[in-house]
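Novice: For reference, the sequence and a predicted model appear below.
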Amino acid sequence: MASKIPATIVTGFLGAGKTTLIRHLMANLTGKRLALIVNEFGELGFDGDLLKGCADETCRAEDIVELANGCICCTVADDFLPTMQALLSRAEPPDHIVIETSGLALPKPLVKAFDWPEVRARVTVDGVVTVLDGDAVLDGRFATDPELLAAQRAADPTLDHDNPLEELYEDQLACADLVVVSKADLLDEHGFEAVKEEIGVHLRAGVGVIPARFGAVPPEVLLGLGAAAEDDVNSRKSVHDGEPEHDHDDFDSFWVKLPPVSDVAAMVERLTEISRAHDILRLKGFAAVEGKPSRLVVQGVGERFTTYFDRPWGDEAPRGALVVIGLKGIDRPAIEAAIAEV
């Protein structure tokens, strides 16, 4: 084990705070060379670009690899394994590998990929870290009550299986070695305990649950779990066990241009209205603000938005673009038209 490179899988639902957590890790990690594999759902490489803006001697831009050909758990042979081979064949391999999955990925198939002989001989899964939005869970965004689910199915004859979002949520928790409850600044002590109780039914024995404010979790807490998850993958139950594969036909993803912005507050207000009107799950991207030399990061989960300037545009032409993620059937032309008028 001591000779193997540890790898940490960071999973979690859309907008849970995975990238924020990793940005904090990059900013505070010392003494180790880090490599990142970033998997995105959508055509615009938002998360990878955002993380490259934090690159330094600990994790250089060339050590950040983006996989944008589909969900990492569905493209293991085509994308993930060749990427791992390339990292391991470097003259100076990384000291630790962090893999950020898309919000739609099932972690268990990815853990299984580490059993591939060439990878298993060199790498171990140090831990699966599941990030979830504590405020969303406290608001009951996921219905984990079986009786309530049964009542919903009975009330809607078109539902013949569990909501796929619910399945993703449960699988990501069931595979976890550590759960990070993000946006803890929105929770009081009672709220955090309520979240722990809510998710506890999905966790294996001994899995820790910790709060995080703005992704601030010390590197020594995230890394060094020593779980060797590839050795006990069968204990990590999944609602998809026994299925040959899963698909993401329940989701649509596309990106749209965002016009230059003169009033950030007005932009956020308008994007909130658009998200509400069209049931958008996630909006994320960059904006060009008139008179500002830096690009503005825009992150939206449902109707909750955050913005901040992350770096100067430099030689890059200022541009605005947003990834839109929603359930199948969202009105793309209407959303594109609405955002064009922001």
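Specialist: Done, it's in. Numbering: from 1, shown residues only.
Novice: low pLDDT regions in the stretch 1-150 of the chain?
Specialist: Scanning the stretch 1-150 of the chain for pLDDT under 70 picks out the ranges 1-2, 40-61, 68-78, 141-150.
Novice: go on, the stretch 151-300 of the chain?
Specialist: 151-165, 240, 242-251.
Novice: Do a quick rundown of the helices in it.
Specialist: Per DSSP state H, counting those that start in this stretch, the stretch 151-300 of the chain carries helices over the ranges 164-174, 189-200, 219-222, 264-278.
Novice: so of those, which one's packed in deepest?
Specialist: helix 164-174 (a mean of 21; mean count of other Cβ atoms under 10 Å). C-beta here means a position set from N, CA and C on the backbone, and glycine is covered the same way.
Novice: got the helices of the stretch 151-300 of the chain as JSON lines, with distance to A287 columns?
Specialist: Below are the helices of the stretch 151-300 of the chain laid out as JSON lines (distance: least, Cβ to Cβ, whole Å):
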{"stretch": "helix 164-174", "distance to A287": "28"}
{"stretch": "helix 189-200", "distance to A287": "32"}
{"stretch": "helix 219-222", "distance to A287": "30"}
{"stretch": "helix 264-278", "distance to A287": "7"}
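Novice: Which of the ones you listed sits closest to L87?
Specialist: The closest of those to L87 is helix 219-222. By Cβ to Cβ, the value is 19.2 Å.
Novice: Determine which of the helices of the stretch 151-300 of the chain approaches K237 most closely.
Specialist: helix 164-174 (5.2 Å).
Novice: Run through the neighbouring helices and strands of the closest one.
Specialist: With contacts taken as 3 or more Cβ pairs under 8 Å, 6 or more residues apart in numbering; DSSP states H and E, helix 164-174 sits against helix 107-113, strand 123-133.
Novice: can you put the ones you listed in JSON lines and add mean neighbour count and distance to A266?
Specialist: Below are the helices and strands packed on helix 164-174 laid out as JSON lines (neighbours: other Cβ atoms under 10 Å; distance: least, Cβ to Cβ, whole Å):
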{"stretch": "helix 107-113", "mean neighbour count": "22", "distance to A266": "39"}
{"stretch": "strand 123-133", "mean neighbour count": "26", "distance to A266": "26"}
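Novice: Turn those into a markdown table, including distance to W313.
Specialist: Rendered in a markdown table, the data for the helices and strands packed on helix 164-174 read as follows (distance: least, Cβ to Cβ, whole Å):
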| stretch | distance to W313 |
| --- | --- |
| helix 107-113 | 35 |
| strand 123-133 | 29 |
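Novice: List the residues that contact E118.
Specialist: Taking Cβ atoms under 8 Å, 6 or more residues apart in numbering, we find E118 in contact with Q85, L88.
Novice: Check the one 10 residues further on too.
Specialist: The contact partners of V128, taken as Cβ under 8 Å, 6+ apart, are T8, I9, T11, P107, V111, C175, A176, D177, L178, A227, A229, R236.
Novice: Quick check: the farthest pair among those residues?
Specialist: Farthest-apart pair in the contacts of V128 is T8 and R236; separation 15.4 Å (Cβ to Cβ).
Novice: Please parse the chain into its domains.
Specialist: Domains of the chain are assigned by automatic domain parsing as 5-235, 251-340.
Novice: Give me the contacts around stretch 258-275.
Specialist: Counting by Cβ under 8 Å, 6+ apart, 280, 283, 285-290, 296, 298, 300, 302-303, 305, 307, 318, 320-322, 335, 338-342 sit against stretch 258-275.
Novice: Which ChimeraX command selects the buried ones in the residues you listed?
Specialist: Here is the ChimeraX command that selects the buried residues among the contacts of stretch 258-275 (16 or more other Cβ atoms under 10 Å):
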select :280,283,285,286,287,288,289,296,298,300,302,305,307,318,320,321,322,335,338,339,342
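Novice: T8 and R236: who's more crowded?
Specialist: T8 (25 against 19; other Cβ atoms under 10 Å).
Novice: Could you point out the bridge partners of A287 in the sheet?
Specialist: As for beta bridges, A287 partners with L296 under DSSP bridges.
Novice: related to what we said a few turns ago, will you turn the domains of the chain into TSV that also has distance to D241?
Specialist: Formatted as TSV, the domains of the chain follow (distance: least, Cβ to Cβ, whole Å):
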stretch	distance to D241
domain 5-235	8
domain 251-340	22
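Novice: Can you tell me which of the ones you listed is most buried?
Specialist: domain 5-235 (a mean of 18).
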